[in-house]
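Chemist: Here is my input; please provide its structure:
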Amino acid sequence: MNNKVLLTVGFLILSFTANGVVADPPIPANYPICVNGGLQNEQQIFVCPTDSNIICADWRDFRLGYRRVGVGRSTDGGNTWTNNLISLALLLYDRQSDPTMAVDNDGNFYINVLDYSSTTPHSYLTFLKSTDKGATWIGPYPVEHGFTDYFEDKQFITVDRTHGPYEGNVYISWTRFDNPTRIMFARSTDGVESFDDTLIVGPVNDFSACGGPNPWDAGHFSFPVVGSDGSVYVFWPGYQWEPPDCIYYRAQLMVKSTDGGVTFSDPEMVYSTNGFGTIEGNIGVYDGPCVAADISGGIYDGNLYIAVANEDTSNTIDLDWNIEFIKSSDGGVTWSDPYYINDDYTGIGAKYDQFHPWLVCNEEGTLVAIWYDQRTDPIYHYKFDLFAAYSFDGGESFTANHRISEVSVDPNLLGTASSGRQDRYWVTEPVKTEAENTRAGRIAEYIGVTAFKDHVNAIWTDTRNFNQDTYGANWVIPILKPRLLEPRDGERTLAKPVLNWATAWKENDDQYLLEIADDDQFSNTIISETLTESAYAIPVPLDFGIYYWRVQASVISTGETTEYSAIDSFTVDIYLPPVPTLISPADETISLNDYPQFEWDLGEIPASDVYYDLLLSPDETFADETITRRYEDLTTTAFTVPDILYTDTVYYWTVSSKNWAGQTEGFADAFSYELVYYTCADVDGQPGVNILDVVFLINYKYKNGPEPDPMISGDVDGTPPVNILDIVHLINSIYKDGPEPICE
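Modeler: Residues are numbered from 1 along each chain as shown. From the prediction side, this is the model:
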């Protein structure tokens, strides 16, 4: 290799070596938030915006043998906790489930629960409020008053914290059963003292025009969020049929309100996902969206972010689940292509599932994501841990992932919980004591994370005590060794590839050392660059071959430096194949085969993979696509057309060769041939092979008679040219039981 270009910036390189390398952070200390012998799950957690030492959390709690809601409070940033059940004096009925939480700019905390009676098949939505930062709670504040004949489920809440005209508004969205489901919405403008009339923002579907059911569920697992301009959004996984072709989707849907939740747009599809599923351990997973909005006032203010657990159906055998992420920078009008937050191997053969994501955007615009992850159980991919990652660049990329839970969650230790979801039906069952653990839905359906600047608190369901317990951890966002993005390990590139890696720290305070070598030990580094961006376009063409690259990150303000990233390789493949030489059918010939085989030659042994495109058309310019047949990405130098061709037609054909990247020197000069139909030995043009054809051949050969049309029809013995041997062969075939005419 000749391109030994050493590119360095001396004084910046010193900053990577003078301050010492910091290893990736250890797992943060885990602690029990609630351990009481009964199951706990479905946790939420929020930090107080007026006093970041105060953290409040809630969860579904079975300490009495049936559904109640527990609430916890920390006054030291999440290190120690007190907890108790919410008093029934603050509620309407004797059973509660599905707790959610939010907090406003003044530090008022809100809890909403499904509130129901153990003796009736209905549920209600009840708020509680704390005006002293979670020390005490008041309530109940029902969303709707009086008896309702509905089963309400999976509600989430949010508060407008934008400092705009709707600041302080409390919003709630949920699913209303029975069949078909509808997505409901309500708002309070007075701190949950009262609520406006309920709206249906996700109506039932009517698919009858496409031959589908009518009516049909609107969806489930809705999630409200407030954008930086005060717009209110509700997202949920639902269903989409697109006329006139009636294409069916499981999809993430969205509605939007620009008047503080008074009116909403019609539902629109954001992107398609793959629905519910079950993974090892009978863990139910689903594609409910977790949504965050940047209201920081920073450079990414106004962005909307969605994290979804979604099954990779292209991984047809293992069907692994990953944490997909999309973003919008224009108020939900357009959305980015999805990518994975999890950084383990994905694609064909991937076996580790990631599920139950939660997402938060802090006051500085940094995104924090958590989720459950099986990668720590590489053999059985059965147990799982809590993992986290961060985005410092407005959701363009997420960092390397790191583990948060010290002890893996073991599905065998989830009490006596049964498989599958349960929330829709349990209200009709008899009152249960400890046996009601069986309706805990395995590990339930959500967890929580909150962040104040760089300080993060997470909450999840843990089994280290042989039970479902509520555990937590708090930590400071670390700088992690860089996550390499493109080119992917082992990928082929052109001579001047662009290298990309995830932003590892806050913008304008992050710095990177990029190294590229032609050996994996980096004993021969050919490029070394110090950069303040997480991308690098190689300026000088590289020679054909394999290259290795790695990146180290540092914090400019502190000099803290990470370990090197993993080492990835890429192969520079600059081979450009020549224009092929056409062989057969030869130019200006007659073809007698309506399924002809085309052959060509590259003229050299290829140095890399070569792909061929074949064009076949009655149009010698190949411009008319309606009659031009295109066969692309062929890998051999012979091809038989799969579709019958028309006889008595002149065809033109040509071939181009291209490399892996689609680069080509162009098409060969076209050949033409005429496709005709004939019967071997029927040279006189009259039906049937008989003595008249023998006379025709004799006249042609010896008396200057007309030639056979096509000429090959007279080559009766299959050995050109037409001569006396063909006449003898035909006579023997007709009168002496000789071999049939061949004409090859």
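Chemist: how about Ser336, what does it touch?
Modeler: For Ser336, the contact set (CB atoms under 8 Å, 6 or more residues apart in numbering) comprises 326-328, 395. C-beta here means a position set from N, CA and C on the backbone, and glycine is covered the same way.
Chemist: May I ask which of these has the most neighbours?
Modeler: Gly395 (27 neighbours; other CB atoms under 10 Å).
Chemist: Tell me the pLDDT of that residue.
Modeler: Gly395 is assigned 99 on the pLDDT scale.
Chemist: What are the phi and psi values at it?
Modeler: phi 80, psi 10 (degrees, to the nearest 10).
Chemist: I'd like the distance between it and Ala502.
Modeler: 11 Å (CB to CB, to the nearest Å).
Chemist: Also Ala186?
Modeler: 39 Å.
Chemist: Please identify which of these two sits among more neighbours.
Modeler: Taking neighbours as other CB under 10 Å, Ala186 and Ala502 compare with Ala502 leading, 24 against 20.
Chemist: Please enumerate the helices of the protein.
Modeler: Taking DSSP state H as the criterion, the chain carries its helices at 10-18, 691-702, 724-735.
Chemist: Remind me what the last one packs against, helices and strands.
Modeler: Using 3 or more CB pairs under 8 Å, 6 or more residues apart in numbering; DSSP states H and E as the contact definition, the elements that helix 724-735 packs against are helix 691-702.
Chemist: Could you give the separation of the helix it packs on from the chain centroid?
Modeler: Counting by CA atoms, centre = their mean, to the nearest Å, helix 691-702 is centred 73 Å from the centre of its parent chain.
Chemist: per-residue confidence averaged over that helix?
Modeler: The model assigns helix 691-702 a mean pLDDT of 93.
Chemist: Then stretch 570-581?
Modeler: The average pLDDT within stretch 570-581 is 97.
Chemist: so which of the helices of the chain comes closest to Ile516?
Modeler: helix 10-18 (14.7 Å; CB to CB).
Chemist: farthest pair in the contacts of Ser336?
Modeler: Ser328 and Gly395 (9.4 Å).
Chemist: list residues touching both of the two?
Modeler: Going by CB under 8 Å, 6+ apart, residues that sit against Ser328 and also against Gly395 are 303, 336.
Chemist: hang on, Val47 packs against Asn457?
Modeler: Yes: look at Val47 against Asn457 with CB atoms under 8 Å: they come within range, at 6.5 Å.
Chemist: can you list residues touching both of those two?
Modeler: Counting by CB under 8 Å, 6+ apart, the residues touching both Val47 and Asn457 are 55, 450-451.
Chemist: For these, which entry has the maximal number of neighbours?
Modeler: In terms of neighbour count, Ile55 stands highest of the shared contacts of Val47 and Asn457 at 29 neighbours, by other CB under 10 Å.
Chemist: Please tell me how far it sits from His402.
Modeler: Here Ile55 is placed at a distance of 21 Å from His402 (CB to CB).
Chemist: Also Ser557?
Modeler: Taking CB to CB, one finds Ser557 at 22 Å from His402.
Chemist: Which one of the two is surrounded by more residues?
Modeler: Neighbours per residue (other CB under 10 Å) separate Ser557 from His402, with His402 holding more: 19 against 11.
Chemist: Bridge partners for the more buried one, pull those for me.
Modeler: Beta-bridge pairing for His402 (DSSP bridges): Ala388.
Chemist: got the contact list for it?
Modeler: 24-25, 27, 387-389, 478, 480.
Chemist: Which pLDDT value belongs to it?
Modeler: Reading off the model, His402 has pLDDT 97.
Chemist: Also Thr8?
Modeler: On the pLDDT scale, Thr8 is placed at 36.
Chemist: now the one 5 residues further on
Modeler: According to the predicted model, the pLDDT of Ile13 comes to 39.
Chemist: Can we start the residue count at 803 from this point?
Modeler: OK, 803 is where the count begins now, so the last one is Ile815.
Chemist: Show me where the stretch 1153-1302 of the chain dips below the pLDDT cut-off.
Modeler: Within the stretch 1153-1302 of the chain, the segments meeting pLDDT under 70 span 1217-1243.
Chemist: Can you show me the strands along it?
Modeler: 1156-1163, 1169-1175, 1187-1193, 1204-1205, 1250-1254, 1257-1264, 1271-1278, 1286-1288, 1293-1295, 1300-1303 (DSSP state E, counting those that start in this stretch).
Chemist: mind giving me CSV with those strands and columns for distance to Thr977?
Modeler: Shown next, in CSV, are those (distance: least, CB to CB, whole Å):
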stretch, distance to Thr977
strand 1156-1163, 18
strand 1169-1175, 23
strand 1187-1193, 27
strand 1204-1205, 33
strand 1250-1254, 20
strand 1257-1264, 22
strand 1271-1278, 25
strand 1286-1288, 37
strand 1293-1295, 43
strand 1300-1303, 40
